[in-house]
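A.B. asks: Generate a structure from the sequence data that follows.
(one chain, ligands or ions: 1)
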Amino acid sequence: MRSQGIAEDELFSFLLSVKENDRRYRHVLSSMCTLPHPVAVRAMNLFIESNLGDPGLFEGTASLEALLVERLGALMHLPEACGYATSGGTESNLQALRMARREAGVRSPNVVVPESAHFSFEKACEILSLEMRVAPSDDMYRMDAEAAADLTDKNTISLVGVAGTTEYGVVDPIAALAEIASDHGTAFHVDAAFGGLVLPFLPESPLFDFQLEGVTSISIDPHKMGMSTIPVGCLLTRDPSMLCSLNVDTPYLTVKQEFTLAGTRSGGAVAGALAVIEHLGRDGFTAVVAECMANHRRLISGMAALGYPVIAEPKVNVAAFDCPLSPEGWQVSHTRHGHMRIVCMPHITTTIIEEFLKDIGDMHV
Ligand SMILES: *Cc1c(COP(=O)(O)O)cnc(C)c1O
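C.D. replies: From the prediction side, this is the model:
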């Protein structure tokens, strides 16, 4: 640390110069995050000092968190769902498996995840000492439900399915998996970190939420398609006892117990997430998703015209292509199978997609 601090002007010219090294979102086609909605920024600033780790001190913010859970629960067709605001999909997935392990109480626990699962499950299984059983995908990059059933046994504490996979934008056979989980009396966690704020706003979507009896918990991330400020995810559970199974005593706080993973938590980000939901409502979200999906379809048809058909059948605005080109100035990513992957987030406009297709077309000839 410096012995004497620097003046504010000097400090901020330093910070601004460093920020120049960050990528602007405009040419970023690889991210599931996006520019936050202005109301999220405003709400976050309003609640910037709030700490949900000690909710008795911030009862106002805590009521916003309860409302966020209620809104997202209702979106997942269970308004009375329990839950809390996490730091994102990783924490939600970890906590879901932690609850399931507690509830099952078996000696050598395992969890059955799809091959396409987000890498957060690898972290979660390592931390929780769970055997991770990986079910293969079918030819459309969806979890093979029969294989998942074969891997499930009396030591399986949870099945995991993904609604809107990170790499191919597909939805696992959630209804079939929910039945398998029910038959085995095991938990079933649906990772809808990305798809949870896309699928409900599409004209047609497969069932993936609490409407399916076997679904016991869901991850859904406002800081992705919810256009919220980072960090905010949400973990929802069907049953209050699941969350309470994680309670530890918190002797010196305003509340006596907590089930969260983090202690100190940002109230600002929670206010930001709720602000976007209240401001846009169902109609606003439907419009945003429609726009993203229109750009996603334009991208797919443009790439197909250049000889790069889309891989699988994405249900959400994530598309992968067997395309070896890497156009300069554009940030694209690649899946573990080497396919070019593009996410049409709200910051990606039609103009940007046309520019990208032109650049790919120019390289192609
Ligand atoms: C992004 C993502 C995650 C991880 O979420 P973070 O907020 O980055 O921790 C988990 N699952 C899926 C399906 C995702 O798309």
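A.B. asks: gap between the helix or strand harbouring residue 243 and the chain center?
C.D. replies: Assessed by DSSP states H and E, residue 243 sits inside helix 240-244. Relative to the chain's own centre, helix 240-244 is displaced by 21 Å; criterion: CA atoms, centre = their mean, to the nearest Å.
A.B. asks: Give me the residues contacting it.
C.D. replies: For helix 240-244, the external contacting residues (CB atoms under 8 Å, 6 or more residues apart in numbering) are 82, 83, 84, 99, 100, 103, 187, 216, 217, 237, 259. For every residue, glycine as well, the C-beta is placed using N, CA and C.
A.B. asks: how long is stretch 248-264 end to end?
C.D. replies: The straight-line separation of the ends of stretch 248-264 (CA to CA, to the nearest Å) is 15 Å.
A.B. asks: residues in contact with it?
C.D. replies: Applying CB under 8 Å, 6+ apart, the contact partners of stretch 248-264 are 51, 53-57, 84, 86-87, 91, 94-95, 243-247.
A.B. asks: ok, 7 Å please
C.D. replies: Residues outside stretch 248-264 that contact it (CB atoms under 7 Å, 6 or more residues apart in numbering) are 51, 53-57, 84, 87, 91, 94-95, 243-244, 246-247.
A.B. asks: Mind checking which of those land in strands?
C.D. replies: Residues of the contacts of stretch 248-264 located in strands (DSSP state E): residue 84.
A.B. asks: Give the buried residues for stretch 42-59.
C.D. replies: Buried residues in stretch 42-59, counting neighbours by 16 or more other CB atoms under 10 Å, are found at 43, 44, 47, 50, 51, 52, 53, 54, 55, 58.
A.B. asks: Kindly provide the distance from residue 119 to residue 360.
C.D. replies: Separation of residue 119 from residue 360 (CB to CB, to the nearest Å): 28 Å.
A.B. asks: same check, this time on residue 294
C.D. replies: Note on residue 294: its distance to residue 360, by CB to CB, is 19 Å.
A.B. asks: all strands for the protein, in order.
C.D. replies: Taking DSSP E as the criterion, the chain carries its strands at 82-86, 110-114, 131-135, 156-162, 187-191, 217-220, 233-237, 248-249, 257-258, 318-321, 333-334, 340-343.
A.B. asks: Is it possible to get TSV of the ones you listed that adds mean neighbour count and distance to residue 209?
C.D. replies: As requested, those are exported to TSV (neighbours: other CB atoms under 10 Å; distance: least, CB to CB, whole Å):
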stretch	mean neighbour count	distance to residue 209
strand 82-86	26	13
strand 110-114	27	17
strand 131-135	18	21
strand 156-162	28	11
strand 187-191	29	7
strand 217-220	30	6
strand 233-237	29	9
strand 248-249	8	29
strand 257-258	16	26
strand 318-321	24	19
strand 333-334	15	28
strand 340-343	24	22
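A.B. asks: Reformat those strands into CSV and put mean pLDDT and distance to the ligand next to each item.
C.D. replies: Below are the strands of the chain laid out as CSV (pLDDT from 0 to 100; distance: least, CB to the nearest ligand atom, whole Å):
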stretch, mean pLDDT, distance to the ligand
strand 82-86, 96, 8
strand 110-114, 98, 10
strand 131-135, 98, 15
strand 156-162, 98, 5
strand 187-191, 98, 5
strand 217-220, 98, 6
strand 233-237, 98, 5
strand 248-249, 89, 22
strand 257-258, 88, 20
strand 318-321, 98, 8
strand 333-334, 96, 12
strand 340-343, 98, 9
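A.B. asks: Make a markdown table from those and add distance to residue 301 to it.
C.D. replies: Shown next, in a markdown table, are those (distance: least, CB to CB, whole Å):
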| stretch | distance to residue 301 |
| --- | --- |
| strand 82-86 | 37 |
| strand 110-114 | 28 |
| strand 131-135 | 32 |
| strand 156-162 | 26 |
| strand 187-191 | 29 |
| strand 217-220 | 29 |
| strand 233-237 | 33 |
| strand 248-249 | 53 |
| strand 257-258 | 50 |
| strand 318-321 | 11 |
| strand 333-334 | 21 |
| strand 340-343 | 13 |
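A.B. asks: Quick one: closest of the ones you listed to residue 275.
C.D. replies: Closest to residue 275 of the strands of the chain, according to CB to CB: strand 82-86, at 13.0 Å.
A.B. asks: what residues does the closest one touch?
C.D. replies: Contacts for strand 82-86 (CB under 7 Å, 6+ apart): 65, 68-69, 73, 92, 95, 232-237, 240, 243, 260, 270, 273.
A.B. asks: Show me just the buried residues among those residues.
C.D. replies: 65, 68-69, 73, 92, 95, 232-237, 243, 260, 270, 273.
A.B. asks: near the ligand, which residues of the stretch 101-250 of the chain?
C.D. replies: Counting by CB under 6 Å from any ligand atom, the residues of the stretch 101-250 of the chain close to the ligand are 118, 120, 162, 166, 191, 193, 194, 221, 233.
A.B. asks: Widest-spaced pair of the residues you listed?
C.D. replies: 162 and 233 (14.6 Å).
A.B. asks: before we move on, the earlier item: of residue 294 and residue 360, who's got more company?
C.D. replies: Under the criterion of other CB atoms under 10 Å, the comparison of residue 294 against residue 360 puts residue 360 first, with 22 against 14.
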